[in-house]
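Have a look at this prediction, sequence included:
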Amino acid sequence: MKNCIAAVDMGTNSFHLIIVQVRKDGSFKIIDREREVVRLGFHKGEDLNTISEGEIEKAIDVLRDFNKIAKFYGADLRAIATSAVREAKNKDEFLTKVYEATGIFVEAIEGIKEAELIYLGVLKALRVKKKRVLCVDIGGGSTEFLLGDKGRPIFAESIKIGAVRLSKMFFPDYHISPRSIIECDKYIASKILAKSNLHSHHQFDCVAGTSGTINAAGSILYFRRHNEFAKSLNGFTFKANELFEMTEDVLRCESPVDRLSIKGMEIKRADIIPAGLLILRKAIEIFDIEKMIVSENALREGIIIETIKQEDEHMVISV
């Protein structure tokens with residue numbers, strides 16, 4: 001197919017691939033997507049600062065498969081890595097091995113850049129271009145906050161709190177206890193409040209939530225309302241009190257198996273969702289958020305939008 005671009009989001013919890021076909025006006029449509037759970041930095045050390053040999057091999061296998069799909073469509077592939085890779089002590093080794101095995105040059109971006117790309121994705125998914133919007137993205141290794149006004153970022157912050165990272169720190173074997181929940185909750189608050197930009201005094205028209213934990217929360221809340229899974233969560237809005245009630249239900253389930261009794265729970269997220277929900281709950285409390293709208297677009301769509309813009313600018317310069 002003509003004019004195709006592939007974007008890979010190499011997150012701490014999972015790798016996502018989207019293939020898009022770019023139209024003449026610069027817009028695009030997604031024609032294929034894949035997702036594989038790949039937890040980077042989870043199997044060695046106390047934090048997410050070392051990517052194990054097994055994780056490197058898994059990452060290479062997944063990227064090889066993604067590359068085959070991209071080549072099938074004749075798409076140029078751009079891969080971006082986030083928290084676990086940018087923090088890894090063996091980042092250079094990881095990036096070199098990936099390139100030698102797959103031919104893919106991976107960009108390990110900083111958290112602020114990640115937040116800005118997520119904002120681009122949100123602007124594409126939701127009707128918020130003319131609004132002042134707070135974006136919240138809870139990933140496996142980090143959480144990004146960005147305040148944007150009429151398409152322009154006001155501030156962006158990236159914090160080392162994520163569903164995988166905090167599960168590793170506070171919930172061994174993904175089992176939770178009242179004490180570990182309290183300790184995790186205090187840790188989250190200290191990390192968020194350490195950033196001077198993150199407080200309850202900001203004014204915004206709406207709050208957009210993206211990525212794994214928030215999509216998983218939205219899925220459960222949608223099921224509670226409609227007793228069925230949503231075909232699409234984009235634009236789905238939930239209230240703070242709904243999220244608080246559901247979070248308490250999840251936190252009463254000690255093990256991942258217990259959590260599968262929660263209707264709408266994604267099987268692959270039942271292990272790490274307590275940590276993710278604690279982050280989301282604390283963000284809602286600190287920013288005094290009344291409701292949140294889900295954006296199915298996030299980093300990968302932002303990669304596409306930025307890539308299209310860069311290619312257009314290159315064409316103009318060349319002409």
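Thanks, I have the structure now. Residues are numbered from 1 along each chain as shown.

which sections of this structure are below the confidence cut-off?
1-2, 45-46, 312-319 (pLDDT under 70).

Quickly list the domain ranges of it.
4-109, 112-299 (automatic domain parsing).

quick one, strands of the stretch 51-200 of the chain?
76-81, 106-108, 132-138, 143-149, 152-159 (DSSP state E, counting those that start in this stretch).

Out of these, which is closest to residue 290?
Of all the strands of the stretch 51-200 of the chain, it is strand 132-138 that lies closest to residue 290, at 11.8 Å by C-beta to C-beta. (C-beta placed from N, C-alpha, C; glycine too.)

by contact count, what packs against the closest one?
Applying 3 or more C-beta pairs under 8 Å, 6 or more residues apart in numbering; DSSP states H and E, we find strand 132-138 packed against helix 111-125, strand 143-149, strand 206-210, helix 211-226, helix 273-287.

can you give me how far the third one is from the chain middle?
Right, strand 206-210. 13 Å (C-alpha atoms, centre = their mean, to the nearest Å).

what's next to that strand, contact-wise?
Outside strand 206-210, the residues that touch it by C-beta atoms under 8 Å, 6 or more residues apart in numbering are 118, 121-122, 126, 128, 131, 133-138, 217-218, 280, 287, 289, 291-298.

Same question for the longest one.
Counting by C-beta under 8 Å, 6+ apart, helix 211-226 makes contact with 11, 13-14, 118, 136-140, 163, 209, 229-230, 233, 236, 238, 242-243, 246, 262-266, 269, 273, 276-277, 279-280, 292, 294, 296, 298-299, all of which sit outside it.

about what we covered before: may I see the strands of the stretch 51-200 of the chain arranged in CSV, with mean neighbour count and distance to residue 309 as well?
Formatted as CSV, the strands of the stretch 51-200 of the chain follow (neighbours: other C-beta atoms under 10 Å; distance: least, C-beta to C-beta, whole Å):
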stretch, mean neighbour count, distance to residue 309
strand 76-81, 21, 13
strand 106-108, 18, 16
strand 132-138, 24, 19
strand 143-149, 24, 16
strand 152-159, 17, 15
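
mind checking which of these is nearest residue 33?
Closest to residue 33 of those, according to C-beta to C-beta: strand 76-81, at 13.6 Å.

Within its sheet, name the partner strands of the closest one and how each one runs.
Paired neighbours of strand 76-81 in the sheet (DSSP bridges): strand 4-10 (parallel), strand 106-108 (parallel).

if we can go back for a sec, quick one, which of the domains of the chain is nearest to residue 307?
domain 4-109 (5.7 Å).

And that closest one, how far out from the chain middle?
Counting by C-alpha atoms, centre = their mean, domain 4-109 comes out at 13 Å from the chain centroid.

Same question for stretch 286-304.
Here stretch 286-304 is found 9 Å from its chain centre; the criterion is C-alpha atoms, centre = their mean.

then it to CSV, C-alphas only?
Extracted as CSV, the C-alpha positions of stretch 286-304 are listed here (Å, rounded to 0.1, in the frame of the first residue of the first chain):
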residue,chain,number,x,y,z
ILE,A,286,-4.5,16.2,43.9
PHE,A,287,-5.9,18.0,40.8
ASP,A,288,-9.4,17.9,42.2
ILE,A,289,-10.7,16.2,39.0
GLU,A,290,-14.5,15.7,38.8
LYS,A,291,-14.5,13.6,35.6
MET,A,292,-12.1,12.3,33.0
ILE,A,293,-12.5,11.6,29.3
VAL,A,294,-10.7,8.6,27.8
SER,A,295,-8.5,9.1,24.7
GLU,A,296,-7.7,5.9,22.8
ASN,A,297,-4.9,7.9,21.1
ALA,A,298,-1.6,8.3,23.0
LEU,A,299,2.1,8.1,22.3
ARG,A,300,2.0,6.0,19.1
GLU,A,301,-0.5,8.2,17.4
GLY,A,302,1.6,11.2,18.5
ILE,A,303,4.6,9.6,16.8
ILE,A,304,2.7,9.3,13.6
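
Am I right that residue 301 is in contact with residue 9?
No - the criterion here is C-beta atoms under 8 Å, and residue 301 misses it with residue 9 at 9.2 Å.

For residue 131, which non-adjacent residue is spatially closest?
Excluding its sequence neighbours, the residue lying closest to residue 131 (C-beta to C-beta, 6 or more residues apart in numbering) is residue 205, at 4.1 Å.
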